[in-house]
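Trainee: The sequence and its predicted three-dimensional model are supplied below.
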Amino acid sequence: SQQGEEDPQALSIQEGENATMNCSYKTSINNLQWYRQNSGRGLVHLILIRSNEREKHSGRLRVTLDTSKKSSSLLITASRAADTASYFCAFPSGGSYIPTFGRGTSLIVHP
Amino acid sequence: DAGVTQSPTHLIKTRGQQVTLRCSPISGHKSVSWYQQVLGQGPQFIFQYYEKEERGRGNFPDRFSARQFPNYSSELNVNALLLGDSALYLCASSFKDRGNEQFFGPGTRLTVL
């Protein structure tokens, strides 16, 4: 099964700025999910976007999916220090419905 | 409602020992998945159980085993521990076995000395 690749690996911004992180994959997917993980704890589900959707919003989060480019992006607008965390994309791959996680993007938001 | 719970929170074992980790899913969730997360990496899938049956297995050696009980709680067992088994072990539950968001527990931090 393939593993997603998040880009960048690390991102450091100031409070109030926007943060954009990307996820690329190689084979067809049915859906893609984004998760947040605070400091080595459990993951929190943020958004699930299906392959027939192009964009989805949840509060300050905006997720896009481009199936032609096999990529997704997560935008966090007006970031806060509390957004400091690792962000992972996950998607079923290799014919399985088990989500495969990428290595994640580590986001640091400075107050 | 309580979220996914895992026990213990932390565990220290020595090489060669055996360990059992426990997970209680959200009430009403019938699927439990286990993941191993090594520092600096994303979670790696170990097992999925749905309705007490194994539905998926990741690329882990036979030293890793799991089971799901009639109340949908689950145990992950690891035998003959190696230093490389040191990791955060995450349990996730979902209502169905596919296509749903997963709800993760806080994890069990296993250190093998």
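Mentor: Yep, it's here. Numbers count the residues shown, from 1 in each chain, chains lettered A, B, ... in the order given.

Trainee: Output the lowest mean pLDDT helix or strand found in chain B.
Mentor: Taking mean pLDDT, DSSP states H and E as the measure, the helix or strand of chain B with the lowest value is strand B:53-57, at a mean of 89.

Trainee: how about the strands of the chain, start to end?
Mentor: No chain in the question, so chain A it is. For chain A, strands defined by DSSP state E occupy the ranges A:5-7, A:10-14, A:19-24, A:31-37, A:43-50, A:55-58, A:61-66, A:71-76, A:85-92, A:99-101, A:105-110.

Trainee: Switch to chain B, please.
Mentor: When assigned using DSSP E, the strands of chain B occupy the ranges B:5-7, B:10-13, B:19-24, B:31-37, B:44-50, B:53-57, B:64-68, B:74-78, B:87-94, B:103-104, B:108-112.

Trainee: Any chance you could note which residues of chain A sit beside chain B?
Mentor: Taking CB under 8 Å from any CB of the partner chain as the test, the list of chain A residues beside chain B reads A:3, A:30-31, A:33, A:35, A:40-45, A:48, A:88, A:90, A:92, A:96-104. (Each C-beta comes from the backbone N, C-alpha and C, glycine too.)

Trainee: Just the buried subset of these, please.
Mentor: Buried members of the residues of chain A next to chain B, scored by 16 or more other CB atoms under 10 Å in any protein chain shown, are A:3, A:31, A:33, A:35, A:42-43, A:45, A:48, A:88, A:90, A:92, A:97-104.

Trainee: in chain A, which ranges drop under the pLDDT threshold?
Mentor: When the per-residue scores of chain A are filtered using pLDDT under 70, the ranges that remain are A:1-3, A:93-96.

Trainee: what's the closest of the strands of chain B to A:Arg54?
Mentor: Set against A:Arg54 and scored by CB to CB, the strands of chain B come closest in strand B:87-94, at 24.9 Å.

Trainee: relative to strand B:74-78, how tilted is the closest one?
Mentor: Angular relation of strand B:87-94 and strand B:74-78 on a 0 to 180 degree scale: 150 degrees, by axes from the mean of the first three to the mean of the last three CA atoms, to 10 degrees.

Trainee: and the angle from strand B:87-94 to strand B:31-37?
Mentor: Computed with the same axes, to 10 degrees, the direction of strand B:87-94 lies at 160 degrees from that of strand B:31-37.

Trainee: tell me what strand B:87-94 is packed against?
Mentor: Contact here means 3 or more CB pairs under 8 Å, 6 or more residues apart in numbering or on different chains; DSSP states H and E; on that basis strand B:87-94 packs against strand B:5-7, strand B:19-24, strand B:31-37, strand B:74-78, strand B:103-104, strand B:108-112.

Trainee: nearest residue to the residue nearest to the spatial centre of chain B other than its sequence neighbours?
Mentor: The centre of chain B sits closest to B:Trp34, judged by CA atoms, centre = their mean, with a distance of 3.2 Å. The spatial neighbour of B:Trp34 that comes closest, neighbours along the chain excluded (CB to CB, 6 or more residues apart in numbering or on different chains), is B:Ile46 at 4.3 Å.
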